[in-house]
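> Give me the fold of what follows.
(chains A and B)
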Amino acid sequence: MKRDDKINDIRLSSGAAGCVECGRCVAACPMAEMYADFGIGMSPRGVIRKALEGDAVLDDMNIWYCTECNSGTDVCPQGVSCRDLIRGLRAIAVEDNRMENLRRCPSCGGYFAAVPVEDFVLGRLRTEPENVIKLLEICPSCRREIYLSRNT
Amino acid sequence: MMGQETMIQPNAGTPDLNLEDLRPRIQEKKRFSDFFMPRRSRYILFDPDKCTGCGTCEMICSTRNAARVAPASASVRVVTDDNRGRNLAVLCQHCRKPLCIEACPTRAIEKGEDGIVRINDLFCVDCGLCTLACPEAAPLKDPASGDIHKCDLCEGDPLCVRYCPEGALTWTRGKKIRWIKAARWTVQTLSFLFLVMIVIGTFCSFRAGTVELSCPTGTLQNIASSGTLILVGASSALALLVLTIIFGRVFCGWICPFGFVLDVVDKVTPKRFGLPGFLKSRMAKYGVLAGAVGGSAAVGFQVFCTVCPIGTLCRSYGVQSFFRSAELAIVPVLAATELAERRSWCRYLCPVGATLGLAALLRLPKIVIGAKKCKKFSCIQCAEVCPVGIIDADQLREGISPKIPMTECIMCMRCVDRCPYDAAKIRFRWQKATPAER
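Presented below is the predicted three-dimensional model:
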């Protein structure tokens, strides 16, 4: 399948084509609390608009800020799932080997979170001791493995 | 223009509300009754030795979250190590300072007055940042509904505990009354009254019938200043050394009247300022001891005893105390060192403690803290309550059992009393650690 077809598939399956730009998702989006430079480009509405315009959205940094929550879908009157749209766009970007915006677990080597999201969490917890931060840089399932080997 | 990024600026006229105004954090209040009966948040204790990894807890938990048996929807996850045949139930530990609360962008997580950390479904948007922030990754995403589930202890009657067939999960409140704490304060108060008020003569050297006791540091200085070895005096000083060898430095933690004063001052100290690093030398007190003994030999009287806060306290009460009230000024001066660190006098300077520390080289007991038993990541309570600060919190966080220097330990047993997991224990020094304690 060609890349344009894939993007088109995602536009349809996530319902993004039906977006009426009412902006309810922007009001519900938790990214507004997370990032100081939250604006039209980063907001779900902006990402949807850009995704409908063409495949330039894959090069856009803005698709990597999303936390993949479902609050936008919950309030959308048109049933657009901005989470599914961003997940799909991220999947295509990953297929194109654009990994630089994904955080890699230093323990297992897997990709587990988008860099801006993980940076936000670590930024909130920056007052914690160094060893806590070190543990939190590891992916969640590896952390459980660490606890498993340490405590049992 | 489409595609052009513009920043949305808030109107200048609207008041600048942020999340702190809308959902302020719950501040923990300290109550007076906490001193006698501290509130203990309840928790689920997991015993890896009993767990068979059957997954009953996951199944029963999912009936509460998803109203059907679907282990993936549970708030608990059993992780299995196939090589070693060990299991771990990943559960929310209801940390004392939960990291998830800090990370939550919508502030949906809060810790209630009862110590239970809850996710408020009204505010939760299921973004999963709490999973990234949790050291154990305990908040779990339900793959079917996309919801984040986290243990809320079933609001007081955990189903997983009730249905665990092996009894690997226990629902515990912890010890309600801290017996060691109660006993220690009683002994400290009584020995303070006894040494200061009842015993005429002082702890430094007192005689009751045929029993004679004297302070070992005073005796050392006495020997040094007089140049003669008084056998009776020396043997009476041995009593305290023998006590130290058998029980560790219990004198410092349980009997010392000045230590009692420091502990009382510690209770009312509002803020601690800490000490600069170059002053933090625990060897300094041995230097003070050597200086006191050497000085006594040079001057010809017991140098340190004239300013010793313990002796001053003991001498302060009674007929002659009127003349000694000026001497007593040393006590508030040294008690003010509590502002720097807890018991900073005992940690760095006290030569009596130094003498007992030398005796404690031969001590019989030791305190072990088994890092494998102490599962709770952010509970470094033992290190927090230790008055002499010898428990290495960083090692505990990394899962290494810290080695406790028994020459510094004052055997107050606060760590043993406080530990909710029974990881801090008293052992004979020759006892080897069991696998669970390592």
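> Report the separation between the residue nearest in space to the middle of chain A and chain B.
Central residue of chain A (Cα atoms, centre = their mean): residue A:66, 3.4 Å from the mean position. Distance of residue A:66 to chain B, computed by Cβ to the nearest Cβ, to the nearest Å: 9 Å. Bear in mind the C-beta positions are built from the backbone N, C-alpha and C, glycine included.
> host element of that residue?
Assigned by DSSP states H and E, residue A:66 belongs to no helix or strand.
> Please apply the same query to residue B:297.
helix B:284-299.
> which helices and strands does that helix pack with?
helix B:216-226, helix B:303-307, helix B:351-359 (3 or more Cβ pairs under 8 Å, 6 or more residues apart in numbering or on different chains; DSSP states H and E).
> Which of those helices sits closest to chain A?
Closest approach to chain A among those is made by helix B:351-359 (29.6 Å; Cβ to the nearest Cβ).
> Now do that closest one: which elements does it pack against?
By 3+ Cβ pairs under 8 Å, 6+ apart, helix B:351-359 packs against helix B:216-226, helix B:231-247, helix B:284-299.
> So which bits of it are buried?
For helix B:351-359, a neighbour-count test (16 or more other Cβ atoms under 10 Å in any protein chain shown) marks B:351, B:352, B:353, B:354, B:355, B:356, B:357, B:359 as buried.
> still on that earlier bit, got the helices and strands packed on helix B:284-299 as JSON lines, with distance to residue B:155 and mean pLDDT columns?
Output for these, formatted as JSON lines (distance: least, Cβ to Cβ, whole Å; pLDDT from 0 to 100):
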{"stretch": "helix B:216-226", "distance to residue B:155": "57", "mean pLDDT": "81"}
{"stretch": "helix B:303-307", "distance to residue B:155": "59", "mean pLDDT": "80"}
{"stretch": "helix B:351-359", "distance to residue B:155": "49", "mean pLDDT": "89"}
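> between those helices, which gets nearest to residue B:134?
Residue B:134 lies closest to helix B:351-359 among the helices and strands packed on helix B:284-299, at 41.4 Å (Cβ to Cβ).
> so after the closest one, what's the next helix or strand?
Beyond helix B:351-359 toward the C-terminal end (DSSP H and E), the next one is strand B:365-369.
> give me the number of residues near residue 116?
Defaulting to chain A. 20 (other Cβ atoms under 10 Å in any protein chain shown).
> Can you look at chain B instead?
Using other Cβ under 10 Å, residue B:116 is surrounded by 19 other residues.
> I'd like the distance between it and residue B:57.
18 Å (Cβ to Cβ, to the nearest Å).
> same question, residue B:316
Residue B:316 is 61 Å from residue B:57, by Cβ to Cβ.
> go on, residue B:291?
Distance from residue B:291 to residue B:57, by Cβ to Cβ: 62 Å.
> out of the two, which sits in the more crowded spot?
Neighbours of residue B:291 and residue B:57, each counted by other Cβ under 10 Å, are more numerous for residue B:57; the result is 29 against 13.
> Confirm for me that that one is in contact with residue B:74.
Yes: taking Cβ atoms under 8 Å as the definition, residue B:57 is a contact partner of residue B:74 at 7.4 Å.
> Touching both of the two, which residues are there?
Here residue B:57 and residue B:74 have no joint contacts, going by Cβ atoms under 8 Å, 6 or more residues apart in numbering or on different chains.
> Closest residue of the stretch 151-300 of chain B to chain A?
Closest to chain A within the stretch 151-300 of chain B is residue B:168: 10.7 Å, counting by Cβ to the nearest Cβ.
> since we're on that residue, how many residues are nearby?
Residue B:168 has 23 nearby residues by other Cβ under 10 Å.
> Helices of chain A, start to end?
A:3-13, A:24-28, A:31-34, A:44-53, A:71-75, A:82-95, A:115-124, A:130-136, A:140-151 (DSSP state H).
> What are the phi and psi values at the residue nearest to residue B:363 when sequence neighbours are not counted?
Once flanking residues are discounted, residue B:363 sits nearest to residue B:248: 4.8 Å by Cβ to Cβ, 6 or more residues apart in numbering or on different chains. Torsion angles at residue B:248 (phi, psi; degrees, to the nearest 10) stand at phi 80, psi -170.
> My read is that residue B:248 contacts residue B:365, right?
Yes: using Cβ under 8 Å, residue B:248 makes contact with residue B:365 at a distance of 5.3 Å.
> what's the overlap in contacts for the two?
B:406, B:411.
> higher neighbour count, those two?
Neighbour count, other Cβ under 10 Å: between residue B:248 and residue B:365, residue B:248 has more, with 26 against 18.
> Give me the neighbour count for residue 73.
No chain specified, so I'll use chain A. By other Cβ under 10 Å, the residues close to residue A:73 number 20.
> hm, I was asking about chain B
What residue B:73 shows, counting by other Cβ under 10 Å, is a neighbour count of 24.
> now it, nearest residue through space, not along the chain?
Closest to residue B:73 by Cβ to Cβ, 6+ apart is residue B:66, at 3.8 Å.
> residues in contact with that neighbour?
Shown in contact with residue B:66 (Cβ under 8 Å, 6+ apart): B:73, B:142, B:144, B:145.
> What separation do you get for residue A:144 and residue B:433?
Applying Cβ to Cβ, the value for residue A:144 to residue B:433 is 26 Å.
> Let me know whether residue B:274 touches residue B:344 as I believe.
No: contact status for residue B:274 versus residue B:344: not in contact, 9.6 Å apart, counting by Cβ under 8 Å.
> Between these two, tell me which one has more neighbours.
More crowded of residue B:274 and residue B:344, by other Cβ under 10 Å: residue B:344, with 24 against 11.
> Which residue is the nearest non-sequential neighbour of that one?
Spatially, and ignoring its direct neighbours in sequence, residue B:344 is nearest to residue B:337 (4.6 Å; Cβ to Cβ, 6+ apart).
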